[in-house]
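Visitor: pasting the sequence and the predicted coordinates here, then a few questions.
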Protein chains: 10
Amino acid sequence: MLFHVRMDVNIPATLPAADAEAVKAREKAYSQQLQDSGKWRHIWRIAGQYANVSVFDVDSVEELHTLLTGLPLFPYMQIQVTPLLRHPSSIRGNDQ
Amino acid sequence: MLFHVRMDVNIPATLPAADAEAVKAREKAYSQQLQDSGKWRHIWRIAGQYANVSVFDVDSVEELHTLLTGLPLFPYMQIQVTPLLRHPSSIRGNDQ
Amino acid sequence: MLFHVRMDVNIPATLPAADAEAVKAREKAYSQQLQDSGKWRHIWRIAGQYANVSVFDVDSVEELHTLLTGLPLFPYMQIQVTPLLRHPSSIRGNDQ
Amino acid sequence: MLFHVRMDVNIPATLPAADAEAVKAREKAYSQQLQDSGKWRHIWRIAGQYANVSVFDVDSVEELHTLLTGLPLFPYMQIQVTPLLRHPSSIRGNDQ
Amino acid sequence: MLFHVRMDVNIPATLPAADAEAVKAREKAYSQQLQDSGKWRHIWRIAGQYANVSVFDVDSVEELHTLLTGLPLFPYMQIQVTPLLRHPSSIRGNDQ
Amino acid sequence: MLFHVRMDVNIPATLPAADAEAVKAREKAYSQQLQDSGKWRHIWRIAGQYANVSVFDVDSVEELHTLLTGLPLFPYMQIQVTPLLRHPSSIRGNDQ
Amino acid sequence: MLFHVRMDVNIPATLPAADAEAVKAREKAYSQQLQDSGKWRHIWRIAGQYANVSVFDVDSVEELHTLLTGLPLFPYMQIQVTPLLRHPSSIRGNDQ
Amino acid sequence: MLFHVRMDVNIPATLPAADAEAVKAREKAYSQQLQDSGKWRHIWRIAGQYANVSVFDVDSVEELHTLLTGLPLFPYMQIQVTPLLRHPSSIRGNDQ
Amino acid sequence: MLFHVRMDVNIPATLPAADAEAVKAREKAYSQQLQDSGKWRHIWRIAGQYANVSVFDVDSVEELHTLLTGLPLFPYMQIQVTPLLRHPSSIRGNDQ
Amino acid sequence: MLFHVRMDVNIPATLPAADAEAVKAREKAYSQQLQDSGKWRHIWRIAGQYANVSVFDVDSVEELHTLLTGLPLFPYMQIQVTPLLRHPSSIRGNDQ
């Protein structure tokens, strides 16, 4: 089941640089593990912004919420979720 | 080069039903041909709306514009384009 | 799986009154059948507006979309879907 | 009498973690007591956000306001209230 | 119980002038009867607009909705309802 | 001459609690004196918010501005003023 | 007493050209008579738009509303009124 | 050449009171000197807000920008510029 | 003197196709003549939209307004004007 | 390939003045080097704001993103990117 997720990141200037680097490193590892598992199907950077557009493939809304709130950068993010589904014109087998 | 495109469709009630069906059929054929060519990489329906989220993979903005304005439903669409790029955390080879 | 759905209805003045009554009657029957099945879990009117707030309980986003686009009033509606999940403080067994 | 309430929570980073945990614990107890009494009829989490959608069943707007401003997290919340009523198509006895 | 109601009126140009006058006359009679009964406690015109700000004093949201949807101009109005309550600093006995 | 005034209050967390209490006490006294004089004709709390809707009856815009900027809570308020006038359907002698 | 008024004009294409010219001619005469009387103190065109920014100098909100709703183009306008007053730094005698 | 300028002032609470008074005094002197020169043609306070609506009469956009960025309160302002021109219905010689 | 102009075009479906083509042809000729004169310095299409971003170089706001309202497509356009000036970091001689 | 970029700058008051000057100097040098290379084709100041409108000419979205995130002022900017293309009416050879 697919969800379109937009994440806008805003790390406060008061966070020490070392802490910011550490949380970004954990974010990257977390993201790659979820991509590897197939749950985080796509992630693209939005040009000129500290933001991404992602597509998640999960078994339930609960699972999606658990994955999103587990993001190391979650406390610094604005997140917007839009449910998606296979388009009747799609010819891509796995865009379901 | 990737672009995130949101299309909201609003076919006016004054368009005869047969014409509406014809333009939708042409839209589907047009879309599938572009998906087949790899230019229209993803298309998903937004739940509860006559709208889609798509990702195009084109060689230039000019090509993107030509493809979008060639959509049979273009006169009845609101289109919003957002440029994307590979995310530094992405592990997917072709999400570049 | 729960989804919060807001529907704003706007029947055009050009629709003949008899047609409008007919589509409203079909809408009511359709809604009550889905409520009876447990898929359309809640529906409330918003005070002073021709609009409702609903909660759907479905197995997938696909099923939700099929139910919503099957609404007899769908062509005259603006629909906004928000995915919900059980709140950690909830004590209600079936608000999952 | 039913009211749709959306609460968006934003605990400032300057609040010490222990204080934040304490206020969240009091919030949970307060919420569950109101749910138990039937005043706070529904509460759902919005996917990907520190926010909830709730339905209150109260005897008056005054009672609703007293309950909302008594929330331990009230100082950190944005609250939006929408009055609801039984929908004419509803078949649920207690969605009145 | 008090509700703040803003009504914006937009009578379509396609409505014949005689019909428009008739519906406005019925609206005025309807409004004055409700004011007389104490249910429609205040009504003020907004300067420069075909719109009003009103305060209703009703026993329930259901009653409010019945009164508003019974407005002869209801099909041509945008209505926004905000629940009010007595302010702790108020010295006016009947602004409760 | 009547003006609809909406005031949204946002006292910063950095204001010491004793100072906040003091300014609120002065606000209440100031408001009640103006209500007593007839200048501040109505004040209602908006449900679930630290905000009010008020109606002022003043001799000029200058007088209104002087009263509003004299509010002890003025530095912490967002204020929106809308000019009102007697509605042609009003039957209330003093809603002029 | 001064009011800032923004008027956006949108004459529907269905109005016959002769009628449109006639109403514009009446609008101009009406505006110039009010300017001549001193009630319509300023009127400027907004660059690139069929819109104006005006300043009215009236004795009351009632008078302002009467003048605005008497505009021949009033049925085709969106009007936004903002109350103004003399600025404490103003050195212009008549900008009061 | 005329420009409509709206300035919203927001002096941060962290600015010491003496500094705030000093910058306001410089702002007033600066404004009055520009009014005296004819460049700052009008300035009005917006009722209930720390904001003004002004009209500047300058020889170029460059000159306007230089005047605005030279405002002592510029760092604490939100500024919105709208180009104006003589209205074809205007009878005021100097509203050009 | 430079102005940033965004034009969104919306030709109504009720305009006969031949008329639409004729007005577009006149628009193109008008635009190219102004580009040739140096008044319409830049024009770019916005990808996926029937809209453009332009930069005009004119002697006054009056001239800009005359040029814009003379556009054959003006009745079908939404236009937004933003005054520009040479950027202090610009190295381009003619971007003044 | 052309992109319209709007940058709004907001340097926090907590940044020491010397640091602010240093970052601005680096920004200017960075901008001029990119202008010199032809990548940053236009830059204009928006009148009355600490903001600019720019046009970039790059080989790819990736290159654009690299240039923008390399801006010394990037952490203090809101950036909005809009893809542009040659307008069919353009007569300017290099506005492609």
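Guide: It's in.
Visitor: what are the phi and psi values at residue A:22?
Guide: Backbone torsions for residue A:22, taken as degrees, to the nearest 10, come to phi -60, psi -40.
Visitor: how far away is it from residue J:15?
Guide: Remark: distance between residue A:22 and residue J:15 (Cβ to Cβ, to the nearest Å) = 23 Å. Quick note: C-beta positions are derived from backbone N, CA and C, even for glycine.
Visitor: so, low pLDDT: which residues of chain A?
Guide: A:96 (pLDDT under 70).
Visitor: pick out the residue of it closest to chain J.
Guide: Here chain A gets closest to chain J at one residue, residue A:48, 4.1 Å apart by Cβ to the nearest Cβ.
Visitor: find the centremost residue of chain A, please.
Guide: residue A:54 (5.1 Å; Cα atoms, centre = their mean).
Visitor: surely that residue and residue A:45 touch.
Guide: No: here residue A:54 does not reach residue A:45: they are 10.4 Å apart, not a contact under Cβ atoms under 8 Å.
Visitor: returning to that earlier point: give the helix, strand or coil label for the residue of chain A closest to chain J.
Guide: The three-state assignment at residue A:48 reads coil, by DSSP: H, G, I helix; E, B strand; the rest coil.
Visitor: would you confirm that it contacts residue J:80?
Guide: Yes: counting by Cβ under 8 Å, residue A:48 touches residue J:80, with 7.4 Å between them.
Visitor: ok, the two, which is more surrounded?
Guide: Remark: of residue A:48 and residue J:80, residue A:48 carries more neighbours, 27 against 11, as counted by other Cβ atoms under 10 Å in any protein chain shown.
Visitor: and the gap between that one and chain F?
Guide: As judged by Cβ to the nearest Cβ, to the nearest Å, residue A:48 and chain F stand 31 Å apart.
Visitor: find the closest residue to chain G in chain A.
Guide: residue A:48 (27.5 Å).
Visitor: residue contacts, that residue?
Guide: Counting by Cβ atoms under 8 Å, 6 or more residues apart in numbering or on different chains, residue A:48 touches J:5, J:64-65, J:68-69, J:79-81.
Visitor: again with residue A:42
Guide: A:53-55, B:42, B:55, B:92, B:95.
Visitor: quick check on those: which are buried?
Guide: A:53-55, B:42, B:55, B:95 (16 or more other Cβ atoms under 10 Å in any protein chain shown).
Visitor: may I see those residues organised as TSV, with secondary structure added?
Guide: Shown next, in TSV, are these (three-state DSSP):
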residue	secondary structure
A:53	strand
A:54	strand
A:55	strand
B:42	strand
B:55	strand
B:95	coil
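Visitor: which stretches in chain A count as helices?
Guide: For chain A, applying DSSP state H gives helices covering A:17-37, A:61-69.
Visitor: please identify the most buried of those helices.
Guide: Most buried of the helices of chain A, by mean neighbour count (mean count of other Cβ atoms under 10 Å in any protein chain shown): helix A:61-69, with a mean of 19.
Visitor: close to chain C, is it?
Guide: Yes: Helix A:61-69 is in contact with chain C by Cβ under 8 Å from any Cβ of the partner chain, via A:61-62, A:64-65.
Visitor: pick out the most distant pair among these.
Guide: Pairwise distances across the residues of helix A:61-69 next to chain C (Cβ to Cβ) peak at 7.3 Å, for the pair A:62 and A:64.
Visitor: what residues does chain A have near chain C?
Guide: Counting by Cβ under 8 Å from any Cβ, chain A sits next to chain C at A:1-3, A:60-62, A:64-65, A:81-86.
Visitor: ok, back up a step: can you give me phi and psi for the residue of chain A closest to chain G?
Guide: phi 80, psi 0.
Visitor: how close does it sit to residue J:6?
Guide: To residue J:6, residue A:48 is 10 Å away according to Cβ to Cβ.
Visitor: repeat for residue A:49
Guide: Remark: distance between residue A:49 and residue J:6 (Cβ to Cβ) = 12 Å.
Visitor: indicate the residue of chain A located nearest to chain E.
Guide: residue A:80 (24.4 Å).
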